[in-house]
Each structure stands twice: as structure tokens, then as C-alpha cells.
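Enquirer: I'll drop the sequence and a predicted model, then ask my questions.
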Amino acid sequence: MFNHNPATRRDFLKTASAATLAALAGSAPRLAAAAAKIDQAPAAKADTLIVLWMGGGMAHTETFDPKRYVEFKKGMKAHDVLSTFPSIPTVVDQIKFSQGLENVAKVMDRGLLIRTQQGANLGKILHSRHQFHWHTGYEPPVTVAAPHLGAWIARVRGPNNPAIPAFIDVNQPYEGNGEAEELKAFQTAGFLGSEFGPFRVPRPDQAVATVRPPAGMSVERFRRRQEAYQKLVLASPAVQQASDFQRESLLRSIDNTNRLLNSPAAKAFDLSLEPKEVYDRYNTGHFGRGCLLARRLTEAGARYIEVSTEYVPFLGWDTHDNGHTRAADMKRQIDAPIAQLVLDLEQRGLLNRTLIVLASEFSRDVLMEGKPEAKVEDQVSQPAVINELKYFGMHRHFTSAGCVLMFGGGAQRGLLYGRTAEERPCTAIENPVSITDLHATIYQLMGISPRYHLEIEQRPFYVTKDGKGQPIKALMA
Amino acid sequence: MLHTKPKLKSGTEAQLPRLRFGLVTILLGGLFLASNACAESPRIPPAATRQVDFHREVLPLLARHCARCHSSGKHEGELAIDSRQKLLAGGGSGPAVVVGHSDKSLLIELVSGGDPDRIMPSEGRRLTAEEIGILRAWIDQGVVWENGLALSAYPTARWEPRSVELPPAAAAAPVTDNPLDRLLPPYLAKQGVKVDGVVSNRVYARRVYEDLVGLPPRAADIEALEKDTRPDKRTLLVRRLLDNGQQNARQQYAIHWLTFWNDALRNDNRGPGYIDGGRKQISVWLRQSLEQNKPYDQFVRELIAPSPASEGFVKGIVWRGVVNASQKPEMQAAQNVSQVFLGINLKCASCHDSFVSEWKLDDAYGLAGVFANAPPEVHRCDSPVNRVIEPRFLYSKLGKVDPKAPLAERRKQLAAALTSKEDGRLARTIVNRLWARLLGRGLIEPVDAMDNPPWNADILDYLATDLVEHGYDLKHTLELIATSRAYQLPSVGAPSATEKDYVFRGPLVKRLAAEQFIDAVSAAILWKTDPPNATAGQSGASAGSPNGASSNSVETSPDFSKVGPRAALADADNLARALGRPSREQVVTSREPAATTLQVLELTNGTTLDNLLKRGAEQLVPKPAAVTDQTAVNQLIEQIYLRTLARRPLPNEIEIARGLTGTPATREGVQDLVWSLIMLPEFQLVQ
């Protein structure tokens, strides 16, 4: 049962059998046999998925879909505001970016850009509801606890390296966050059960603590505790009693935990092991260091990693004011680390089998809240005439078009997909992409049928909404 | 599998699902059989002109209208249609269908009512023209049938209560007053199950303490039970734990059952929806109701026809913005009321007629209408269908809802119908839940699918009727179960492989729920114990008198006076969440039964538990390096064992423990010993 050899790599997969046993006891979801027969798994083009989450609503016209540049002038009309930055070229001829994304511009030939992701019509905007939709594929509320994209991938594909948790969630702390409860609602394995839930790394700098003994406990003391524990299990009179699945699952889980904590792979969580010049290239803030962590975890064999810019109401990409200034700062945070992540994975020969997806729950516009055909109540006052810089920027929530980047892992290279209007509102006018179809594409590349489903409460529940997701062929290499 | 009883059993594979949408159809056409069916007549409705879906459209029709008399061993008119082959073979009047020719198929002739003496179905309503059109298209399109799939009727349970006559006590059986002890033996005999005697006092005490009040027994409590010589001492202990006359006992009972009801009624201090006022707590009402041991019928009435204090449950979670029609607050109320109180799943039917049960879209909308100011327009799969259903209860025989009455009145009428003494389902559903809580598995599984058959109808129906006869007193039912021989049998480790094969042999081993685990740790190391000054290195625990047990007589056990703040009342922290406390956004009626790696990781290096253990170690070793000599260290270890596992350590356990505590004992060493003990299966599992 216990194995002290840290080099023995086992086995998050082992816990699948614990889950199977758990299923026998009642409530767990189960695989519909038809899913295996009929929804044939497509050949996987990627073994790892990294989601770079632009939490809070990243304005497309200020980032990857620049429009006519309009400079700030006192007395300008709000509806004349378009892009507040000049555009810059990228290595792909037909693709231009907004200023401040020069590094990503240089690697655009390694990936594709979608400019027409469309959000759902959820009425009065609450970020976390749209984030719920993006991450689960279902619009909240849902009658059963919908699993997160990462949990599905963990459930279906299992860990890539048994010593690394299959679903790792980086840089979204809950403490002090006004929408923490709403975030928790989708950062979960839902009905799949906690075995497939997120391994949470609230801050990349403290990642190593999640795979170390508790703070203040030496490795030696920790080892002594584990050894004594194992002896006590055997010495306990209860051990004589008949074995049962509860006991098995507990001891197996303890076994797995020890493996994780003692595995050489756990070093992947330790950013201090990175050479300083490399660390510095990523070191633009929590998100940048999160990208570095994602790279290290990918090398170690992670399956799903999400790195968030961190969603906090009114902070980060949630630019309700000072949109121009804050967009500049956000671009500074994301530009270098994203490009470096792509290059580092490529240099290590990992980009081919690693899919990177950058997305946000929706975009922003200076005036329009919602989308032209489904406007919703304004949530921020924006004067019609702008006299102060703080009113210059994309302050309202726009769900009609938004940008998604995909690199590596079977995604087309150097492709531009979808087109938006040149004038406000810059809505999708060609090849709109629903989140359902975007997910179908992601699942397909990860080797999972968009119709894959499990049975819960006597009914099928699909990875894409009602099994209706259609992979977008043009996006796949 | 244990959790669902398949409606459509596969002949080849036990796990074949009941539902498969959008199947690649298996066209098996081209098989022509001689027909004696009549030619097409104008009375027969036309075939649907589209491709029909076997699973979504045809199977529900066959399951609802034909299966009861023509499948699963029933073959009225010598016709069984469990499989395609049987259907084609036909019955006494020849083949039921002619592949590719619905106009020549007897089935269509009969359901169309061509022969007034032989209209099918012979019971229940006639098929509509649209439904006949679907069957015709299906026949014309080749009688697609999923390979290996066996048709059976949707299970439906009766609503009426049933009184159960107790069999005479078997001569050999031990004499008890508990009626369950007379109901179980015939079942065991029939199944050929031989059971051992009842569990020890130690195991029994742990079970009833954890199951009834959610707290571990102290060593003194176990000793008191062991020393008690009265023959009915276990019953007396259960009564003391459930004693509503004792303030401490009723409070601890209420806090423990808050967890169960908070999960079921999705009530919490925090959670999605509170952010913009779309949700309301019922915590104060709930705790008071449990402390008062409010009769269950009244409890349910107050939730369905609520006061401001209890309205949170039917109010639901009102999300800001637009929601799917099947998640409107009134539909949430319909789903949750039927799931929690009746074990009926209306979630499928709130979007379309269910493919897995008898429930229809209109049933869901009828019930939802009771909770709405105006009846909501019926939506099928989120699209309006230009129809409004008058508010009504799922089962009209129990009582009517006046569609014209104002909202509050309609809710009252519904509450009255649902809690009518004629509603056997209400009582069956709750006694099944209580049985499942105490024995680890319901008489019916899943506990939310009360149309499934029980493994023993007599026990279920007896408990249900008995609850009603005892004024819906849940504590009465708990006492009955907790003092039954079934409950006192040794636990069974692994559940059976399949639901069909389930045989009751004893309770399942249960894992402590998050709240129970945290309370048990707190009780072991934080909450004060008797005597309060018996700290390590000073008086210690004298031999033969664990923890001052000698001062505890039966009358002072249980003693809840030292219980500290309990986890059920706290907000969910990382630890509680990791251990399975749900977010309570959906109704939860059973928690994950097994440990997982992420949970153990939280227990191993999470800061919440680590801090708790640090505080505990400081209390156990008030002065660093005070416990210096070997004897004192041994006493300290013994005390920790008594407080954590309610027993003394064996000699080899002391040996191993000393390796951790060190001599002299350090706080760190003591903390590590406590950690090791609370990670033992012996601590985390209730045998």
C-alpha cells in the first residue's frame, strides 16, 4: 500500500478506481455506454490545455482587434471613441494588434486569432455568470452542478503525468473578492466529484507551498510524521476488520498525496528554481509568473492549467473607468509572458502537443452595454462628452464580439478568423463563434467528442451544451 | 449500479443507458412479414413526415402506453414487445408491425381505434393523432431499435399509504419491542442472509452519537454504556440523545441536522445569489424548527406556504439577468419541492416531457404555476409553445389547487394536499432519507427517485405509516431505526456491484461528513474536557479512570456542556469545502461517499487544519518541555488516544507514538501525533 520510493510515479489515475468504487455507493455520475460506442473520441491533437483567462472583460478594440485610432481630446464625444491606441503590425500580414502587444505580435504566426467570440444574452451583466458560461458551457443557473472545462478534461483524459494534478487553477484567490461565491460556483468539478476538481494555486509565487509540508514543518519532520502514520495504521486494532471501499479510498488517497508531495515533479511548482533571466522575462506581475508556472507544469506533464489575470470586480480587465490607462497596464502585464510561454514551449518541442487558449468572458465598448440586438441596462455612467481622461476608454460590457487566441496543439497557424465592424459598435459581421462551438473545437483538439456525456440524475449531461457543439474545422490544422 | 434502476434494461450490458439522443440510427429495414392487418383507412392519422428519433420520441410512447401490459414478463394477448424481435414476432393476432408499412401494421390499427372492442391502450388515455403519426413514421422508417435494449415501463410507485401487518416474532429471535425486528427476519430468511450478532457497545455508541447529534462519544460515554446493566440501555441512550426536554441535547441534535437540511433546502450563510439580493436564508427558522422537533407535516407546510422566515426555500435563487425558462424561480420551486419532499425528479420534465419517467412538461408547469403570481407560459426547451397550464398539484387525488385563488392561498392548498395523510409518498420519502442517513443506503436508491422499488416494501411502508401515526415526529422514526437490530448489525464494507443484486446485510461503513470531522477534531483537542484541569504532565489520566470517567454515571451521559462552536454553523472554509460541504446552489441529498486525493492533500498540508492542530497542541502541552519523563509522556499519549479515539493505546501504539512526541514531548510532536490519529480510518470512518 505504501511506497516510500519518491521516484515511483503513480498515480492520480489510481484514484479513478476509488471514484469507481464511490460510484457504487450511490450518487456518482456514470458513463453512458453509448458515449463510448457512438461518440467516438477524435484523435487528440494536444495533451495539455493552457487557458489564459482575461478575467473581467478584455476589450477587443484595445487589444487584438484594433480599429481607427482616436486620440484623447477634451470635449470629444463619447460615441466617437474607437481604439484609444494606435495599431501595430504583427508577423502575420493581415493581422494588426493594438499598441502594447508587440511581443505577442511577434509570435502570431504560431497561432490563430478569433475576433468574433459571442457571449450569451444573460441580461443585466454579472461577470461571474458569463464566466460560468464560458467555463462550463452552460448558462447559469443549471439544475445540476455543471463541471468546469478543466474538470471534464481531467475526468475524460486523466492526468498526463500521474504525479501532477490533472486540473490546476492558478491566480484566482477568493479572499476579499466580492464575487467569490459566484466564482466558486463554476470553479468546481460539479457533479463529477471532487476528485476532478481544481487543484488551486491562488498565487503562483506560493505555488510551491501547495505541494510542500505545511508552513513551518521541516521536510524531515514531515517524513517522520508520514512514517509514523503508516505504522499507526497497521497497529490500529481497526485494521484487523474487514476491508471496505471507504477505507481503501482513504488509504489510497493518502498514498497519492504522499506521491504528489514527494515526487520530483513537485519541483515544477517552485518558481525559485528558474534561472533569473528567464524568471525576469515572465515577471510582469502575478499573471506573468503564472505563465511561467504554466510552462513549468506543462514540462512536468500537467493536463489542464488555467492562469487568470485574476477577476476582481472593478479591477484588472473590468475597466469601468480609466479604460485607456488601465488597458495599457493590463497589456504590459500580459504581453511578454504570453509570448515567452509560446516561445519556451516551442523551443522545448512541447507546443505541438500543448494547446494555449486566451479568452475572456466578453469584450467592452465605450457606450454599448450588451449587444445591439440585446442591449441591457447600463451599469456605469459614461458622459456623452469627455473632458477627463478617466472617461476615455472601454467602460461598458459588450457581448457581441470578443477575441480569442489559440496557439499550438492542433490549432491553425497564422490564421485570422472572423471579422468585426470597423465602426462602433464593433460587432461580429463575419463568422461569429459561439462559446459552444469554441468549446467543441477545444474538446476536439483535446481528443474528446463534443457529444461526450455522462449520465447524472438519470439523464445525459454533455461536455458541450446538450451535445450540440460543432468543432470549427477552419480553426484546426 | 446502485443509483438508478434502469427503465430500459439492456439484454447484453448492465450499464447501457436509458437515454441516448441523436443516435446513429441502426436501420434494420427490409424485413417483410406476412400481414393480416387491415389496409389503410381514413381514420388512421397520417405518418409524421420527418425522421423520428427512437429514443426521444418512440421509446417514451411505448414505455408509457404499452410496456405495462406487454413487457417485463407481461404479455397480454400473448404479445410482448421487450425487443424488436418480439415486436416483429407479434402475439395472438399475428405480427404487431410490418416493417416499412405502418398502414398494414396491427399496432397502428389498434391504437387508432379501428376496432372499438380492441382499442389500445386498453387502460389510460388514447394516443393522439400526433403520437400515432410518430409511431407510423417509425414503422415506415424501418422500426429502428437500439441493439440489446429491452423495453420496460417507467417505474411508478403508489401514492397511498399502506399499513403493514407485523409478522409474528420468530421463536429463535431475541425479544425486542422494535417492530422493525419483526419485519427484517422474513426478508433475511428469504434472501438466505445469515447475520451476526449486534455490534459492541463501543461501536454502537459511536454510531448513535455521530448519526443522531453529529458528535463523537467521549471515552466516559462509552464506559458509561458498557457499565450500564439495564437490558434496554441502548434504547435509553438513544432516547437521551434525542431528548427534546434537554436543552443541550436538542440543540446538538438541531445543529447536526442543520447540515442535512441546509444541503437539501440549499440554505447557507453565503453563496451565489446573495450578492444582489436574489436569495434569502432560512437559517433561524430552520434551527428553531429542528430544536422544537417540529412535526414534519407542519415543517413542510411552513416551507411551501411560508412565512417571511421560511420563504427562502420556495423563493429560490433569483439570478440577475435572464435565465432559462426551466430555471425561473417558480420552476425551481416546483423542482425542489418535488425532489426534496416527494423524491420526484421534475428537472427533465421542466424542459420537455421526460424520457425517463411518466412526468410531463405540463405536470412541471402545473406545479410551477402554484408558486407564480400568474401561470407561466409553457416553454418547451426554452421556446414558448403558446400554452398556459392551470396551477395544479402532481397528484390531483390528494387535493386541488384553485387556479383562481391568490398566490398565498394556492401555496396553502398545495401544502395541504402534499401533507395530507393520504400522501404516503411524503412520509416514505423522508423515512427513506432517514434510513439512508443511518444505514448508509436507502431502502430505495437513489433517495431522490422514490418511484424506484424498495428492497423491502414492508419496512418502508411501515416506517412511513408509523411516522404519520406518531404525529410526524421524526425523532420517533430515528429512535425506531437506531434501536432496530438492522441498525445494530456489523457494518458491511463494499456495496453490491449492481442495484439489481442489492441485498441488505447490514449498514454500510460511513465516512464522517465535513462538519462531523471538524467537530470531532475540535472535540479531541480544543473543547474543554472533564476534569478541566486534567492537562498533560500535571494530573494526567489515572489508570482505570480515563479522563475522569468514574465521575460520570449513566445519568450524566451524554454531557454536551463542553461542546464548543460547531462547524455546521460556520461559513464553509477551505477545509470544509474540500471535505465535501457543497456550495448548496443545487439541492444536495447525499454527499460524496469516498475520500479523494485533493481532500487528503488539504488535510495534509492545508493551513486551516494545521492551525487548528497547532492550537490544540498548545492546549495539550501548555508549557513547552513540561512533559519530561517517560511515564508522563506515556500518560499524555494515553490521554490523546482517549480524547481522539476514545480508547487507550495498545503497547505497540504507545511505542510508535513516543517516536513522534519525543521525550520530553514537544508541541510539534504532539501535533503530529494528533494528525496521525485523525487520519486513521478508525477516526474518519464510522464502522
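Expert: Nice, thanks for sending it over.
Enquirer: for chain B, what's its nearest residue on the stretch 1-150 of chain A.
Expert: A:G123 (2.9 Å; CB to the nearest CB). To be clear about C-beta, it is placed using only N, CA and C from the backbone, and glycine gets the same treatment.
Enquirer: contacts only, for that residue.
Expert: By CB atoms under 8 Å, 6 or more residues apart in numbering or on different chains, A:G123 lies in contact with A:V376, B:R320, B:G321, B:V322.
Enquirer: any of these buried? List them.
Expert: A:V376, B:R320, B:G321 (16 or more other CB atoms under 10 Å in any protein chain shown).
Enquirer: helix, strand or coil for residue 397?
Expert: I'll assume chain A. Here A:H397 is recorded as strand under DSSP: H, G, I helix; E, B strand; the rest coil.
Enquirer: can you look at chain B instead?
Expert: helix.
Enquirer: distance of it from chain A?
Expert: Applying CB to the nearest CB, to the nearest Å, the value for B:K397 to chain A is 26 Å.
Enquirer: first vs last residue of stretch A:447-457, how far apart are they?
Expert: In terms of CA to CA, to the nearest Å, the two terminal residues of stretch A:447-457 are separated by 26 Å.
Enquirer: over to stretch A:343-353?
Expert: From its first residue to its last, stretch A:343-353 covers 14 Å (CA to CA).
Enquirer: and stretch A:349-369, by the same measure?
Expert: First residue to last in stretch A:349-369 (CA to CA) measures 43 Å.
Enquirer: now swap in stretch A:392-400 and tell me
Expert: Start and end residues of stretch A:392-400 are separated by 21 Å (CA to CA).
Enquirer: can it be said to contact chain B?
Expert: No. Figure legend: stretch A:392-400 not in contact with chain B (CB under 8 Å from any CB of the partner chain); closest approach 11.2 Å.
Enquirer: now, among the contacts of A:G123, which is nearest to A:M76?
Expert: Comparing the contacts of A:G123 against A:M76 with CB to CB places A:V376 closest, at 25.5 Å.
Enquirer: just checking, the closest one touches B:G321?
Expert: Yes. Counting by CB atoms under 8 Å, A:V376 touches B:G321, with 7.3 Å between them.
Enquirer: hey, what's in contact with both of those two?
Expert: Residues touching both A:V376 and B:G321 (CB under 8 Å, 6+ apart): A:G123, A:K124, A:I125.
Enquirer: quick revisit: the contacts of A:G123: which two are farthest apart?
Expert: Pairwise distances across these (CB to CB) peak at 10.1 Å, for the pair A:V376 and B:R320.
Enquirer: A:L405 should be in a strand, yeah?
Expert: Yes. Counting by three-state DSSP, A:L405 falls inside a strand.
Enquirer: in the sheet, who's paired with it?
Expert: Taking DSSP bridges as the rule, A:L405 bridges to A:L113, A:L358.
Enquirer: try B:V388
Expert: Partner residues in beta bridges with B:V388, using DSSP bridges, are B:E377.
Enquirer: surely it touches B:H379?
Expert: No. B:V388 is beyond contact range of B:H379, at 11.0 Å (criterion: CB under 8 Å).
Enquirer: of these two, which one has the most company?
Expert: A direct count of neighbours by other CB atoms under 10 Å in any protein chain shown for B:V388 and B:H379 places B:H379 higher, at 20 against 13.
Enquirer: distance of the more buried one from A:H133?
Expert: 19 Å (CB to CB, to the nearest Å).
Enquirer: for the stretch 51-200 of chain B, just list every one of the strands.
Expert: With DSSP state E, counting those that start in this stretch, the ranges of strands along the stretch 51-200 of chain B come out as B:149-150.
Enquirer: helix or strand for A:S249, which one?
Expert: If you go by DSSP states H and E, A:S249 is part of helix A:245-262.
Enquirer: need the contact list for the nearest residue to B:T429 once chain neighbours are set aside.
Expert: Closest residue to B:T429 apart from its sequence neighbours, by CB to CB, 6 or more residues apart in numbering or on different chains: B:G343 at 4.3 Å. B:G343 makes contact with B:R425, B:R428, B:T429, B:N432, B:I444, B:V447, B:D448, B:A449, B:M450, B:D451, according to CB under 8 Å, 6+ apart.
Enquirer: with B:Q630 instead?
Expert: Counting by CB under 8 Å, 6+ apart, B:Q630 touches B:R658, B:T663.
Enquirer: contact residues of the stretch 301-450 of chain B facing chain A?
Expert: By the rule CB under 8 Å from any CB, the part of the stretch 301-450 of chain B lying against chain A is B:317, B:319-324, B:326-327, B:332, B:335, B:345, B:347-348, B:350, B:355-357, B:440-441, B:445-446, B:448-449.
Enquirer: B:Y209 is in contact with B:P558, isn't it?
Expert: Yes. Between B:Y209 and B:P558 there is a contact under CB under 8 Å: 7.2 Å.
Enquirer: name the residues contacting each of those two.
Expert: By CB under 8 Å, 6+ apart, the residues touching both B:Y209 and B:P558 are B:P217, B:D221, B:L241.
Enquirer: look up how far B:A137 lies from B:Q51.
Expert: Taken as CB to CB, the span from B:Q51 to B:A137 is 8 Å.
Enquirer: neighbour count: the two, which is higher?
Expert: Per other CB under 10 Å, whichever of B:Q51 and B:A137 has more neighbours is B:A137, with 19 against 11.
Enquirer: quick check: B:L418 touching B:L426?
Expert: Yes. Counting by CB under 8 Å, B:L426 is a contact partner of B:L418 at 6.0 Å.
Enquirer: which of these two has more residues huddled nearby?
Expert: For B:L418 versus B:L426, the count of surrounding residues by other CB under 10 Å is larger for B:L426: 28 against 24.
Enquirer: from the chain's centre, how far out does the helix or strand containing that one sit?
Expert: Applying DSSP H and E as the criterion places B:L426 in helix B:424-439. Distance of helix B:424-439 from its chain centroid, counting by CA atoms, centre = their mean, to the nearest Å, is 8 Å.
Enquirer: who are the neighbours in contact with the nearest residue to B:P179 once chain neighbours are set aside?
Expert: Leaving aside its chain neighbours, B:P179 sits nearest to B:L166 (5.4 Å; criterion: CB to CB, 6+ apart). B:L166 makes contact with B:P179, B:R182, B:L183, B:Y462, according to CB under 8 Å, 6+ apart.
Enquirer: what's the pLDDT at the first one?
Expert: Spelled out, it's B:P179. Per-residue pLDDT puts B:P179 at 94.
Enquirer: assign B:S326 to helix, strand or coil.
Expert: Taking three-state DSSP as the rule, one finds B:S326 in the helix state.
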